[in-house]
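Undergrad: Predicted model and sequence below, questions to follow.
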Amino acid sequence: MADIKIDDYVDITDVVCPITFVKAKVAIEELEPGQILSVHMNEGEPIQNVPRSMKEEGHKVLKLNKNDDGTYDLIVEKGEE
């Protein structure tokens, strides 16, 4: 999956739930269906809530990478409108 082209990136490590999903949602809404968003986030609530919320919105969670600093990058493909 290393060949995934990231179309946009949003860092939500500086906000707390529920703003984490709001920022991610706004970012993915700016993309076209099929484009890829990388969401940089902290462990804990965002890991539990953001991927689930993205799926509920009809988007496809492709990958969740744990980084060396304890943060995560969620790779999401925008679903159809």
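TA: Perfect, I can see it now.
Undergrad: where do the helices sit along this protein?
TA: 19-29, 45-56 (DSSP state H).
Undergrad: and of the ones you listed, who's closest to residue 5?
TA: Set against residue 5 and scored by C-beta to C-beta, the helices of the chain come closest in helix 19-29, at 15.3 Å. All C-beta spots, glycine's among them, are computed from the backbone N, C-alpha and C.
Undergrad: hang on, isn't residue 61 packed against residue 73?
TA: No: look at residue 61 against residue 73 with C-beta atoms under 8 Å: they stay out of range, at 11.7 Å.
Undergrad: any residues in contact with both of these two?
TA: Residues touching both residue 61 and residue 73 by C-beta atoms under 8 Å, 6 or more residues apart in numbering: none at all.
Undergrad: okay but residue 46 is in contact with residue 20, surely?
TA: Yes: contact criterion C-beta under 8 Å: residue 46 and residue 20 qualify, at 4.7 Å.
Undergrad: any common contacting residues for those two?
TA: residue 12.
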